[in-house]
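Novice: A structural model of the following input is requested.
(4 chains)
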Protein chains: 4
Amino acid sequence: MILRLGQIELFVTDLNKSKEFYVDVLGFIEVERTESSLYLRAIDEFDRYSLILTEKPFAALGSFGLRVSSPEYLEVLKKKHEEMGIKTEYSLDSIHPGKGPTLKVAEPNGHPVEFYHSMEQISVGNQNGGVDALPMRYSHLHRGIPPICIDHMNLRVPNVDKALDYWEEIGFSISEYVQDGDEKFAAWTRAKTSTHDVALVKHSEASLHHIAYIVDGVAGVVRTADLLADAGYRDSVEYGPGRHGVTNAFFLYVRDPDGHRIEIYSGDYKRDTDLTPIGWTKEEYDQKGRLWWGPTVPERFFETTAINPEWMKSVVKR
Amino acid sequence: MILRLGQIELFVTDLNKSKEFYVDVLGFIEVERTESSLYLRAIDEFDRYSLILTEKPFAALGSFGLRVSSPEYLEVLKKKHEEMGIKTEYSLDSIHPGKGPTLKVAEPNGHPVEFYHSMEQISVGNQNGGVDALPMRYSHLHRGIPPICIDHMNLRVPNVDKALDYWEEIGFSISEYVQDGDEKFAAWTRAKTSTHDVALVKHSEASLHHIAYIVDGVAGVVRTADLLADAGYRDSVEYGPGRHGVTNAFFLYVRDPDGHRIEIYSGDYKRDTDLTPIGWTKEEYDQKGRLWWGPTVPERFFETTAINPEWMKSVVKR
Amino acid sequence: MILRLGQIELFVTDLNKSKEFYVDVLGFIEVERTESSLYLRAIDEFDRYSLILTEKPFAALGSFGLRVSSPEYLEVLKKKHEEMGIKTEYSLDSIHPGKGPTLKVAEPNGHPVEFYHSMEQISVGNQNGGVDALPMRYSHLHRGIPPICIDHMNLRVPNVDKALDYWEEIGFSISEYVQDGDEKFAAWTRAKTSTHDVALVKHSEASLHHIAYIVDGVAGVVRTADLLADAGYRDSVEYGPGRHGVTNAFFLYVRDPDGHRIEIYSGDYKRDTDLTPIGWTKEEYDQKGRLWWGPTVPERFFETTAINPEWMKSVVKR
Amino acid sequence: MILRLGQIELFVTDLNKSKEFYVDVLGFIEVERTESSLYLRAIDEFDRYSLILTEKPFAALGSFGLRVSSPEYLEVLKKKHEEMGIKTEYSLDSIHPGKGPTLKVAEPNGHPVEFYHSMEQISVGNQNGGVDALPMRYSHLHRGIPPICIDHMNLRVPNVDKALDYWEEIGFSISEYVQDGDEKFAAWTRAKTSTHDVALVKHSEASLHHIAYIVDGVAGVVRTADLLADAGYRDSVEYGPGRHGVTNAFFLYVRDPDGHRIEIYSGDYKRDTDLTPIGWTKEEYDQKGRLWWGPTVPERFFETTAINPEWMKSVVKR
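Specialist: From the prediction side, this is the model:
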């Protein structure tokens, strides 16, 4: 089965600027840097990296990776996609270091999804594991917020119900949703037991709204804004802090040097994925769901990021 | 000498509504209730109360009290005010319980100031003091945020420089100020070593902008907004959370049922009062001083509260 | 499949005393009280209750419940236990309110395990779910720590390897373990992605060491000790706060009026359950695994609680 | 008048080792390093430095500095000491950078006290002060805990009542004390409004027990232990975390590479210095005053540090 969102690749236009923002200020750990990509990890992650920043002439969502429970499950997913009439691309190895076979698909709205099982685990101690095996046990080396772990993607799609047909088919379930008359305005879906791995929100075109990392409580969220303003990135603090009604998250939205939006996030809940989702009407959502309390939403919060235009094609070419 | 801001009296129009807001939701401790007034304390305060809510047909700033270091110092202040040509009114006892002699004055802009020395201390333990003497040692009985202690007043005055003549004369010093050409736009002044007991900001008429209580860190500030929204007071969350550049405070402004503004506050610094104040130009203040980072200031944040129209007169009459 | 630890029943000797400790001081929410039992919930839980305190002439671990993904999976588990030669007892309904069919087994060491799927969900809002559906959205009514959600059990068993045969057979996997020569001294096993639902530690006899609830970060853990000392339960603060090397938990162990040990807990990590467990040698564990840092372990920390002597029998009789 | 404790000089035996501990792990800011001394600052301090580590063949308390409200007050203190028959030594400038005239005295028990008024203020921004003037506004450069500001000294003296004669004479007042029959076992005294600048506790010989720095709340205190254990200084975590009844402080005691004890400290209260002190009997103190709750005090916690053997003499010689 699919376990969780495990990785995100963003296209950025200047790796050095991105490095300053993500590593020097926010405190992502730089794991490796190649000519074109920067590989980053949050402090509680055992995977060698969870965020890939790849230099391109344009900014876009490169792709995102969903980890599955076994190598064999990639085969199951391949078949399932064929049954849905969706083309897939299986590669024995990834262009990214430490990663095993991947199955690439374009989700019906064009979102660039990659399924994978095998990912190199960090080895920070003795072979045995033991005393040095916990990644978070290096607090004296940490800086910035620091981010704790990857959490979710918020995708925009023209038709949420149609998108749900796909996501439910591959095993995601809904934690909360917004019903707008006959159609769904939004749905928070997940493989893991938190409120979402992938949120789907209605928008004129398929695009990325934000990615999200979890930090240490309310203080970690607020610290993010302090860090950015202190380091001269005051305009990167886009929206918040505030509390979402849906998911109960305490949030701050920040924009990286390319305009990619990152939600710095704390406080959602865990719930078994088989239980009845929580439904909001559009009116309830507009009143309290989007914002349990908090400042008015600024206009630029509705901007989104384009999707990798070369997905699928690109696999062969680059 | 003057030690600090110690007490505030607000006129409110419905004591029951005020009680729900301050006691049931925010977690002020109800100390005593008379026919007309509610006496409240924050959890770390040794004074029997610091906030008095008095029912009147109209909302206003009733008065605020500055504690002085000895009974004799009231005499010194009396003389000092006479030299400044300011009328004073000395009373042997207060209409409020547990309070000793007071010296009432109308500050040159009309702000209702009361000087006092003697104030009943809470007695929660054995006579000796001892194991039960610390007010904060009752956490199992606390609720709400809870507020920790009174901090400051933010007053509006038509002319900040003139107001400063008075406040510096009685011994306050400036921690930070905003210079707008030939005149000061604002000044944060204090008797104690934190950034302010009394802030003075230019405005068309003398009025109260807000009172402030300190809470436990960033989490306490954010918890305030959650408490209010959860209890149905979502519209009371007026502005914030955000960070002021001036004073470095992490703030949330909330409005009580009468529209009185309370700043829920954490994070300013201590500094010896004899040191050179920090100056901001008006441009610096508008850029970063008011808001180091945070949401746009909403229009209603510029509303202010009227001052007690019966101050001085009222002492005799009521 | 098995999803997680969902419920614990403790036998206590005085329900009123237990109520004071769990509800009035620690802040568990009282959901229902029958003649013999008190049903409690933590604030982020959607299940109607997670802790049952049942009055008995003696204190013991009554049972603990593991939630499974479907009603049908109870059948699968029944068969699996029969294949292991373990007697099971299936009941269509529980003696506890709001609970569906249960499958009771005595784990090979005698630990009283109950599998269930259906559990009443709290309904705090409109039928739809919507604005009032999130249990945590009642902060103005909360008190005490408050506890956030149930996390795990720490069981003592005479032979950890043998116990593991059972727990791995029913689908649990190991997150961390301590190897002592040829045998395992301890293993942390789980169905969910946190470090454990059930920890198994070697001890002369099968017994309960502690149950654990998650609270809000480091401040929540420390607040627990303050609450207990302030309310006159100073001796209930048994051990900590400190940091475990294994699991990275920040902990405080407290004892209820019957001596049941509760770990107040924050800070372990999430990891996919299919990944290689982290191994510690007994030497590593004694040096840093048990205690990454913290005070010396007091002698009484090694005391354990007896198991329900009437389990299985009791189902019929009571 | 005397304002507060402003500076401490510790003699250490290896500046490089001290630098690793204080700067690299705990996060003190290195301000300047000379051949013999390392000058350190905490993040909210406007004084250029508050801690001086000076390399010597032996570890000891070098001296501690109390800031006074004006240069003239040094003269007042000189006279006051002469009246008490205590020798003083006035120097126009200090051997330490940025410091004005000092008045050195040996307190009756031999403790090395230095009074001073003028101390260089950090200048991190424009001449005006303004946007860059707040020292804490550099969070992106901070690391470690970090420490926020200097707080107090805990001194050991053979006779607390006699020591109090001196400290009260120079204007300190008692916040809390422990009465043991006819004599005081301990007294917390201060110039500022927090619970202490100088604590005096009975001990066989005059010596230093600990110095204390304030950090950001409970989380900052616990983070200190994590940082030390993660960086390989596990044995430096001597005692705590726990809560003192006296002062209400949440504490952790750590030992530097020379064995100097630093209290990492959060949570005491503010109170006007003219109010009646809180008294504890020795029995109350032993029960709850020392430890409101917390782990048993380890034996090595009673070790103390020697006082500068060359004080007064040394001024001339070095």
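
Novice: could you check how many residues crowd around the residue nearest to A:Val222 when sequence neighbours are not counted?
Specialist: Nearest non-adjacent residue to A:Val222, counting by CB to CB, 6 or more residues apart in numbering or on different chains: B:Val218, 4.7 Å away. Every residue, glycine included, has its C-beta placed from N, CA and C. Neighbours of B:Val218 under the rule other CB atoms under 10 Å in any protein chain shown: 25.

Novice: ok, B:Val218 - contacts?
Specialist: B:Val218 sits next to A:218-219, A:222-223, B:241, B:250, B:266-267 when contact means CB atoms under 8 Å, 6 or more residues apart in numbering or on different chains.

Novice: next one: A:Phe58
Specialist: Counted by CB under 8 Å, 6+ apart, A:Phe58 has contacts A:11, A:13, A:306.

Novice: for A:Arg137, what are its contacts?
Specialist: C:245, C:248, C:292, D:230.

Novice: that one sits in which helix or strand?
Specialist: Under the criterion DSSP states H and E, no helix or strand holds A:Arg137.

Novice: model confidence score at it, please.
Specialist: Per-residue confidence (pLDDT) for A:Arg137: 86.

Novice: domains in chain A, as residue ranges please.
Specialist: Following automatic domain parsing, chain A resolves into domains at A:2-122+A:137-141, A:149-310.

Novice: get me the contact residues on the stretch 101-250 of chain A for chain D.
Specialist: Taking CB under 8 Å from any CB of the partner chain as the measure of proximity, the stretch 101-250 of chain A contacts chain D at A:137-141, A:143-144, A:219, A:223, A:226-227, A:230-231.

Novice: ok, so of those residues, who is nearest C:Glu35?
Specialist: Checking these against C:Glu35 by CB to CB gives A:Ala219 as the nearest, at 44.7 Å.

Novice: mind checking the SS state of that closest one?
Specialist: The three-state label given to A:Ala219 by DSSP: H, G, I helix; E, B strand; the rest coil is helix.

Novice: repeat that for A:Arg156.
Specialist: Relying on three-state DSSP, one would call A:Arg156 strand.

Novice: cool, A:Tyr253 as well?
Specialist: Following three-state DSSP, we place A:Tyr253 in the strand state.

Novice: hang on, the earlier thing: buried among the contacts of A:Phe58? Need that as a selection in PyMOL.
Specialist: Only the buried members of the contacts of A:Phe58 enter the following PyMOL selection, criterion being 16 or more other CB atoms under 10 Å in any protein chain shown:
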select buried, chain A and resi 11
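
Novice: phi and psi next, for A:Val160.
Specialist: Backbone dihedrals for A:Val160, given as degrees, to the nearest 10, come out at phi -70, psi -40.

Novice: which non-adjacent residue is nearest A:Tyr39?
Specialist: Nearest to A:Tyr39 is A:Tyr49, by CB to CB, 6+ apart, at 4.0 Å.

Novice: what about that neighbour, neighbour count?
Specialist: 27.

Novice: same check on the one 4 residues further on?
Specialist: For A:Leu53, the neighbour count with other CB under 10 Å is 28.

Novice: pretty sure it contacts A:Val23?
Specialist: No - applying CB atoms under 8 Å, one finds A:Leu53 not in contact with A:Val23, separated by 9.8 Å.

Novice: need the residues touching each of the two.
Specialist: Joint contacts of A:Leu53 and A:Val23 (CB under 8 Å, 6+ apart) are A:38, A:40.

Novice: show me which of the contacts of B:Val218 is closest to D:Asp235.
Specialist: A:Ala219 (28.9 Å).

Novice: and the residue lying closest to the closest one once chain neighbours are set aside, what's its pLDDT?
Specialist: Spatial nearest neighbour of A:Ala219, excluding adjacent residues (CB to CB, 6+ apart): B:Val218 at 4.9 Å. Per-residue pLDDT puts B:Val218 at 97.

Novice: A:Phe250 versus B:Val218, what's the distance?
Specialist: Using CB to CB, to the nearest Å, B:Val218 is found at 11 Å from A:Phe250.
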